[in-house]
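Visitor: Quick one, fold the following:
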Amino acid sequence: MKTFSIAKSRRIRSTPYTSRIEKQGVTAYTTYNHMLLPAAFGSLEDSYHHLKKSVQVWDVAGERQVEISGKDSAKLVQLMTCRDLSKSKEGRCYYCPIIDDKGGIINDPVVLKLGEERWWLSIADSDVLLYAKGLAIGKKFEVKIFEPDVNIIAVQGPKSFKLMEKVFGQKITELKFFGFDYYDFKGTKHLIAQSGWSKQGGYEIYVENTKSGQDLYDTLFEDGKEFDVKPGCPNLIERIESALLSYGNDMDINDNPLECGFDKYVSLDSEIDFLGKEELKKIRSEGIKKKLRGIKINAKEISVTRSLKIMDENNNIIGELRSACYSPHFKQVIGIAMINKPYWEDKQTVKIDINDQTFEGKVCDLPFI
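Guide: Predicted coordinates for the structure are as follows:
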């Protein structure tokens, strides 16, 4: 099998940690917000097992921030998301689907409230900064919008808590899930949130001081030896088992939050104003026509680089498989699929073609684990 590399250019930026992860044996990259994002360090399955029992340090600088500050910053952030942020608090993170005027999902960032007039949108892979600027110009909002130089290091896995306590002290163990605060590392303050793109627990360090961040990266590996620390990256198997949705893979602008199971983040009965509200009310009233569901397939391997059609027993197309992998836990292929009504019911039998072979599967709930 031929292998290909990504040609680096100013359009695809490296990160402050790229030279380090290349020495540590990164074997694959993808791109994320026009930056390099590590996609593998050898075996995906080996990394999966290690993540679930130990601790990994991830270069996720591709998870860029859109900073919105100024008098009308709260108005703009609320206009973009269907989640009610009227009671949001400083020092907290909020998962917030961003939608357009038709209710289509543009991004699903974690929003950090840094102050009453200062917010960070920690974005998935799409150009939210341009969307925010367009809305601000159209509404004549008094805001400043830019991408700050923030390069995240994620520390993930069950032993991440012990490693972070060793580096930052006992105080960091008091941080609650989706909370953030500032912690000292050799005289430099770093914003740290208890969050991350795995269900194994951990932290994200929002590095603003690049030199200190590189020193911190090295220290995490030095101090983490006793915890079996290894370099890693978001793991396809773990994130599918946990139903951590990936924008651009599992959902995009052609899907709305109600179809994706984000009902608790859609504040249609509140008094807040956001784009797409009336459209989503109409969709809720009429009922959705498709829904994101899990699917278990009687196969031992799969590689999904594009959506695969899902069929019923009569070969009618009833949906599409959007992400999938072989799960060591279930000992079969599992995936995240968009299924048409009424075929999304639990245990619905389906068929799917993989590499010119037809396999049977069943629809199931998310998350798998």
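
Visitor: where does Asp353 land on pLDDT?
Guide: Asp353 carries a pLDDT value of 89.

Visitor: Use 3 as the first number from now on
Guide: Shifting the count to begin at 3 puts that one at Asp355.

Visitor: Let me see the contact set for it.
Guide: 310-311, 361 (CB atoms under 8 Å, 6 or more residues apart in numbering). The C-beta positions use only the backbone N, C-alpha and C, and glycine is treated the same way.

Visitor: Among these, name the ones in strands.
Guide: Of the contacts of Asp355, the ones assigned to strands by DSSP state E are 310-311, 361.

Visitor: ok, of the residues you listed, which come out buried?
Guide: Buried residues within those, defined by neighbour count using 16 or more other CB atoms under 10 Å: 310, 361.

Visitor: So which one of the ones in strands among the contacts of Asp355 is the model least confident about?
Guide: Out of the ones in strands among the contacts of Asp355, that is Leu310, at 91.

Visitor: For it, which non-adjacent residue is closest in space?
Guide: Once flanking residues are discounted, Leu310 sits nearest to Leu323: 4.3 Å by CB to CB, 6 or more residues apart in numbering.

Visitor: Identify each buried residue in the helix or strand containing that neighbour, please.
Guide: For Leu323, the element it lies in under DSSP states H and E is strand 319-329. By neighbour count on 16+ other CB under 10 Å, the buried set for strand 319-329 is 320-329.

Visitor: Which elements pack onto that strand?
Guide: Using 3 or more CB pairs under 8 Å, 6 or more residues apart in numbering; DSSP states H and E, the elements in contact with strand 319-329 are helix 238-243, strand 292-299, strand 310-313, strand 334-342, strand 351-356.

Visitor: Export the ones you listed as a markdown table, with columns for distance to Val365.
Guide: Putting the helices and strands packed on strand 319-329 into a markdown table (distance: least, CB to CB, whole Å) gives the following:
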| stretch | distance to Val365 |
| --- | --- |
| helix 238-243 | 15 |
| strand 292-299 | 5 |
| strand 310-313 | 9 |
| strand 334-342 | 6 |
| strand 351-356 | 6 |
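
Visitor: Quick one: closest of these to Lys283.
Guide: Of all the helices and strands packed on strand 319-329, it is strand 292-299 that lies closest to Lys283, at 18.2 Å by CB to CB.

Visitor: thinking again about what came up before, can you name the residues that contact the residue nearest to Leu310?
Guide: 297, 306, 309-312, 337-339, 354 are the contacts of Leu323 under CB under 8 Å, 6+ apart.

Visitor: Out of the residues you listed, which end up buried?
Guide: Among those, those buried by neighbour count (16+ other CB under 10 Å) are 297, 306, 310, 312, 337-339, 354.

Visitor: who does the longest helix belonging to the chain touch, helix- and strand-wise?
Guide: When the chain is parsed with DSSP state H, its longest helix is helix 212-225. Helices and strands touching helix 212-225, by 3+ CB pairs under 8 Å, 6+ apart, are helix 20-25, strand 57-61, strand 153-158, helix 162-170, strand 182-187, strand 190-195, strand 204-209, strand 231-234.

Visitor: and those, which is most packed in?
Guide: Among these, the stretch with the highest mean neighbour count (mean count of other CB atoms under 10 Å) is strand 57-61, at a mean of 27.
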